[in-house]
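Q: this is the structure alone, sequence omitted:
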């Protein structure tokens, strides 16, 4: 159960933003139900995540592997619940998802790009500072735009998981 009640989506002043979220995301998931306590933050969050998820050049499988790995590392099940179906649609296999907890033990399941991105994700998430050797693997595989977008994706989903877990937002919470 979330630490705060979810925002009342029927509030008149929230309607334009609720409609935008529904149009862009299909529904107002728990994350946005909580964010709507601060419409300004919710709007900025929506704009930022739309840029990361829908307008960057990061291939969908890499983006979703990043998100799923961040969710695992940060013990954020809601994030994983939301993104597992998306990951599968983006070409991540169920076998890869199942191996993601210990991906280094299953390197044969992942491409060189995926392994480099997972190592980069691990370092950014667990240690913040990234060793030069890990960065060099990214630098050799991706152009500058993709390096920035991959880095921003990792940073963004660390923000998301920390918000979710601090307020104990979970998939099994009652819907508003």
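A: Happy to help now that I have it. Here the structure is a predicted model, which is why all the values come from computation and not from measurement. Numbers count the residues shown, from 1 in each chain.

Q: where does the residue nearest to residue 149 when sequence neighbours are not counted sit: helix, strand or coil?
A: What sits nearest to residue 149 in space, not counting adjacent residues and going by Cβ to Cβ, 6 or more residues apart in numbering, is residue 56, at 4.2 Å. For glycine as for every other residue, the C-beta is placed from the backbone atoms N, C-alpha and C. Secondary structure assignment for residue 56 (DSSP: H, G, I helix; E, B strand; the rest coil): coil.

Q: distance of residue 73 relative to residue 36?
A: Separation of residue 73 from residue 36 (Cβ to Cβ, to the nearest Å): 27 Å.

Q: okay, the two: which has more neighbours?
A: residue 36 (23 against 17; other Cβ atoms under 10 Å).

Q: so that one makes contact with residue 9?
A: Yes. Using Cβ atoms under 8 Å, residue 36 is in contact with residue 9, at 6.9 Å.

Q: who touches both of these two?
A: 18, 28 (Cβ atoms under 8 Å, 6 or more residues apart in numbering).

Q: for whichever helix or strand residue 165 is part of, packing partners?
A: Element membership of residue 165 [criterion: DSSP states H and E] is helix 144-166. Secondary-structure packing of helix 144-166 (3 or more Cβ pairs under 8 Å, 6 or more residues apart in numbering; DSSP states H and E): helix 30-35, helix 39-54, helix 60-73, helix 77-89, helix 112-126, helix 132-141.

Q: list the buried residues in that helix.
A: 146, 149-151, 153-154, 156-158, 160-161, 163-165 (16 or more other Cβ atoms under 10 Å).

Q: now stretch 94-106: buried residues?
A: 96, 97, 99, 100, 103.

Q: which residues touch the residue lying closest to the last one once chain neighbours are set aside?
A: Which is residue 103. What sits nearest to residue 103 in space, not counting adjacent residues and going by Cβ to Cβ, 6+ apart, is residue 118, at 5.4 Å. Taking Cβ under 8 Å, 6+ apart, we find residue 118 in contact with 65, 66, 69, 100, 103, 110.

Q: likewise for residue 46?
A: Contacts of residue 46 (Cβ under 8 Å, 6+ apart): 17, 20, 21, 24, 32.
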